[in-house]
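> dropping a prediction and its sequence here:
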Amino acid sequence: MHRLATELARRGHDVHVLHSHDAFRVKRSEPIPTEQAVGVVVHSIRTPFSLSAYQAYAFGGSAVVTKRFHELVEELKPDVVHHHNISLLGSRILSKHGDYLNLYTAHDYWLICPESLLLRGGSRVCGTASCFFCTLTRPRQLWRYRASFRNAINDIDVLIAPSQYCCDRMMRKLKIDTVTIPNFAPVPPTGIGSSGFSDFLLFVGVLEVHKGIVEFLQEYLDIARDVNLNLVIVGEGGKKSTIDRLVNGSKVSDRIFRLGRVGQDLLWSLLSDARALIIPSIWPENAPLVALEALSVGTPVVGSNRGGLPEIVSKLDPQLVFSLESFDIRRAIRFASENSASLRERARETYRKHFTPELYLRAYEDLLLDLFASESVELTEAADSAMIGSKYKYAKREGQD
């Protein structure tokens, strides 16, 4: 979101972001970051005891959020409202409150899954139409079964899916227009320093069951001597103690480094220095940004055959995709290690061909043009259009600034 907002503002768009400070306080213990995107106006939702976030979860919305959203729409009269992770803002703001294009990017499966992960029993990808058994393990969101939720979803003009897998899963349950636009990663910073590590595999992510880190670590302990590569683990989560116990009880504990959360500078250094980034996810990953960041600095990605991961990894080389069913990750890691030199240049090329900001914004702005055109909005030719890759810019609708 930060990157998209920055890119849109840099191209001359007037960008406002409504976000939930309450949701951040509920989900994180550390202070909220103060960095803001250049040229972007940020509007925060803050209520006593983070009440709005709890209301959004339990009731599908909060009166405070809905009121503030409606005030912004009436004040700004936006051409486009683009929803992202709104789970703790509430589904009510999906309902149109003005004459604007209503977009939604599915970064996960929240619209169709109470757990957002499409997992059953912690390991099996959900293929059913019923959420009944999953809702037994958590407070039930009864608003998901109401007509108002379905009507709010139907107010979405276009759903943007970052992977074709996500697009297909959404289209199974939702009767709304859906388009696939792959995520992008920023151009890597110049002058990336050394991480201080060498000859290592890298895992970056939350240390939870759905990320597959425990299963991967158990496999790594068996193959560590064989592949002759160290392992660096970046992230925090509920499986931290399990991971520490496995590492401390192994014979290769001196080759495994768990760093916790790291800053952006060190993360770029780790991504650049790694022999390969490992994404052993059990849940059907949509389009993990860390995979695109790794490709941008020339680091190959070894990923499981779940969700949208193969769509990214196969663009580099299908042999880097491993099966969770047979867990042939040893083969994929060996392939990445033995072909490191050639894969590094191919990784950069894969990034340049598929995952740059320019490619995303071109597809995004072309989508907007198509949507405005379908509403019979007058189009005027403009050689100096801010719309990348287009000879046209849309004429703003009557009564808008």
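Received, thanks.
> let me see the ranges of the helices in the stretch 51-200 of the chain.
51-59, 63-76, 132-135, 147-154, 164-173 (DSSP state H, counting those that start in this stretch).
> which stretch in those helices has the least confidence?
Of all these, the segment with the smallest mean pLDDT is helix 132-135, scoring a mean of 68.
> for the protein, which helix is longest?
As assigned by DSSP state H, the longest helix anywhere in the chain is helix 357-374.
> tell me the mean pLDDT over that helix?
93.
> centre of the chain to it, how far?
Put simply, helix 357-374 sits 20 Å off its chain's centre (CA atoms, centre = their mean, to the nearest Å).
> same check, this time on stretch 240-260
Once both centres are worked out by CA atoms, centre = their mean, stretch 240-260 turns out to sit 28 Å from its chain's centre.
> which elements pack onto the longest helix of the chain?
The criterion is 3 or more CB pairs under 8 Å, 6 or more residues apart in numbering; DSSP states H and E, and the helices and strands that helix 357-374 contacts are helix 2-10, strand 101-105, strand 158-161, strand 379-381, strand 392-394. Just so you know, the C-beta spots here come from the backbone N, C-alpha and C atoms, and that holds for glycine as well.
> present these as a markdown table; the columns should include mean neighbour count and mean pLDDT.
As requested, the helices and strands packed on helix 357-374 are exported to a markdown table (neighbours: other CB atoms under 10 Å; pLDDT from 0 to 100):
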| stretch | mean neighbour count | mean pLDDT |
| --- | --- | --- |
| helix 2-10 | 18 | 92 |
| strand 101-105 | 21 | 96 |
| strand 158-161 | 22 | 97 |
| strand 379-381 | 11 | 36 |
| strand 392-394 | 18 | 31 |
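> nearest to G90, of these?
Closest approach to G90 among these (CB to CB): strand 101-105, 13.4 Å.
> what's the local residue count around the closest residue to E74 other than its chain neighbours?
In space, not counting the residues next to it along the chain, E74 is nearest to G98; the distance is 7.2 Å by CB to CB, 6 or more residues apart in numbering. Around G98 there are 14 other residues, counting by other CB atoms under 10 Å.
> G98 contacts E71, doesn't it?
No. G98 is beyond contact range of E71, at 11.4 Å (criterion: CB atoms under 8 Å).
> got JSON lines for the helices and strands packed on helix 357-374, with distance to F322 too?
Listed next are the helices and strands packed on helix 357-374 as JSON lines, based on distance: least, CB to CB, whole Å:
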{"stretch": "helix 2-10", "distance to F322": "29"}
{"stretch": "strand 101-105", "distance to F322": "28"}
{"stretch": "strand 158-161", "distance to F322": "24"}
{"stretch": "strand 379-381", "distance to F322": "48"}
{"stretch": "strand 392-394", "distance to F322": "45"}
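> these: which one's closest to P284?
Closest of these to P284 is strand 158-161, at 12.1 Å (criterion: CB to CB).
> who touches the closest one?
In this structure, residues lying in contact with strand 158-161 by CB atoms under 8 Å, 6 or more residues apart in numbering are 101, 103-106, 111, 167, 170, 174, 176-181, 286, 364, 367, 371.
> list the neighbouring strands of that strand plus their orientation.
Strand 158-161 has the following sheet partners, assigned by DSSP bridges: strand 101-105 (parallel), strand 178-180 (parallel).
> per-residue confidence averaged over stretch 246-262?
93.
> contacts for that stretch?
Contact with stretch 246-262 is made by 197, 200, 214, 217-218, 220-221, 224-225, 230-236, 240, 243-244, 266, 270, as judged by CB under 8 Å, 6+ apart.
> buried stuff in it?
Across stretch 246-262, burial judged by 16 or more other CB atoms under 10 Å covers 246-247, 250, 255-256, 258-259, 262.
> neighbours of the residue found closest to P162 once you drop the neighbours it is linked to in the chain, how many?
Nearest non-adjacent residue to P162, counting by CB to CB, 6+ apart: A287, 3.6 Å away. A count of neighbours around A287, defined by other CB under 10 Å, yields 25.
> next: Q164.
Other residues lying near Q164 total 13 when counted by other CB under 10 Å.
> tell me if I'm right that it and P310 touch.
No. With contact defined as CB under 8 Å, Q164 does not reach P310; the gap is 10.0 Å.
> shared neighbours, those two?
The contact sets of Q164 and P310 do not overlap (CB under 8 Å, 6+ apart).
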